[in-house]
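J.: Give me coordinates for this.
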Amino acid sequence: MSLKRLPPVIRMYTSNLINGGDFIYRKNNYRIVLSILLLGICFVSTGCSSVNTSDSASKDQNVTTIETVLNQQFTGPDQKLIDLLDDPENSTIIGNGETTTPEEPTQLDLYLEEKYQPYFSESMYDEFIGTYATGYHASAYNNGYKFEIEKMGIENVEATEGAYDFTVNVLYNKEGTEERNSKVTGRININEEGEITKFRLMDDEGLSKSLRSRSSS
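T.: The predicted structure follows:
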């Protein structure tokens with residue numbers, strides 16, 4: 001049979017057998033190429049593994065950010081925050097036909113920035129401070145309550161990138177009274193830079209109302 005009639009791969013194999021040890025040389029080349037391919041696959045796999053690890057680390061950091069903010073929000077009252085809120089140098093005073101405006105940034109501004117700003121986008125920071133940051137603490141202090149987190153749950157919302165639902169069980173009471181609890185639920189959105197871009201309380205099960213009440217019943 002003519003070698004020309006054989007399929008290319010068989011023809012090469014047969015030709016090398018006929019021509020002697022050249023096939024061994026080609027076989028060694030094949031092993032080298034195979035080794036390089038396998039090494040490339042390993043690099044790709046390692047790269048994929050690194051990406052997955054990075055994604056996991058990012059999610060872990062997001063959870064840490066949420067835990068930090070919630071712990072600061074639902075543990076109090078924060079005495080330093082209360083002292084700064086009560087300090088006239090941090091407030092605009094209107095009286096006797098005059099308005100006295102404090103120099104900015106005030107010590108209150110600086111304290112809130114240190115406590116919360118690292119975790120929020122610029123726009124959401126302003127909204128959070130104006131809506132959430134001081135209310136629970138001021139109400140608790142004014143009516144003699146203390147409050148703290150009993151347990152916390154944070155769940156990644158798979159359908160929405162960067163969204164997390166949270167549940168916080170908050171214990172609160174006045175001195176000498178029975179401890180009560182409320183379940184606070186909400187959602188937080190975090191961008192790729194690890195900043196909170198949305199903070200929403202869905203329900204606090206009457207916690208804010210209870211802290212505003214002078215009665216512990």
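
J.: contacts, neighbours, all on C-alpha from now
T.: Fine.

J.: Now do the contacts for His137.
T.: Taking CA atoms under 8 Å, 6 or more residues apart in numbering, we find His137 in contact with 76-78, 82.

J.: Repeat the analysis, applying 10 Å as the threshold.
T.: Taking CA atoms under 10 Å, 6 or more residues apart in numbering, we find His137 in contact with 72-79, 81-82, 145-147, 208, 211.

J.: try Ile190
T.: Taking CA under 10 Å, 6+ apart as the test, what Ile190 contacts is 59, 62-63, 65-66, 119-121, 161-164, 196-199.

J.: ok so, going back, any of the contacts of His137 buried? List them.
T.: Applying 16 or more other CA atoms under 10 Å to the contacts of His137, the neighbour count classes 72-78, 81-82, 145-147, 208, 211 as buried.

J.: Among those, which lie within helices?
T.: With helices taken from DSSP state H, the overlap with the buried ones among the contacts of His137 comprises 72-73, 81-82, 208, 211.

J.: Just name the closest of those to Asp126, please.
T.: Gln73 (15.2 Å; CA to CA).

J.: and the closest residue to that closest one other than its chain neighbours, how far is that from Arg180?
T.: Excluding the flanking residues, the one nearest Gln73 by CA to CA, 6 or more residues apart in numbering is Ala133, at 6.6 Å. Distance of Ala133 to Arg180, computed by CA to CA, to the nearest Å: 22 Å.

J.: So between those two, which is more surrounded?
T.: Ala133 (21 against 15; other CA atoms under 10 Å).

J.: contacting residues for that one?
T.: Per CA under 10 Å, 6+ apart, neighbours of Ala133: 69, 72-74, 81, 112, 115-116, 125-127.

J.: mind giving me the domain ranges of the chain?
T.: As assigned by automatic domain parsing, the chain contains the domains 3-42, 56-212.

J.: for the buried ones among the contacts of His137, which one is nearest Pro88?
T.: Ile82 (11.9 Å).

J.: With Glu179 as the reference, measure out to the residue nearest to Gln73.
T.: Ala133 is 23 Å from Glu179, by CA to CA.

J.: same thing with Glu148?
T.: Glu148 is 11 Å from Glu179, by CA to CA.

J.: repeat for Thr197
T.: Applying CA to CA to Thr197 and Glu179 gives a distance of 34 Å.

J.: Do a quick rundown of the helices in the protein.
T.: 8-19, 22-73, 79-86, 107-116, 122-128, 135-142, 207-212.
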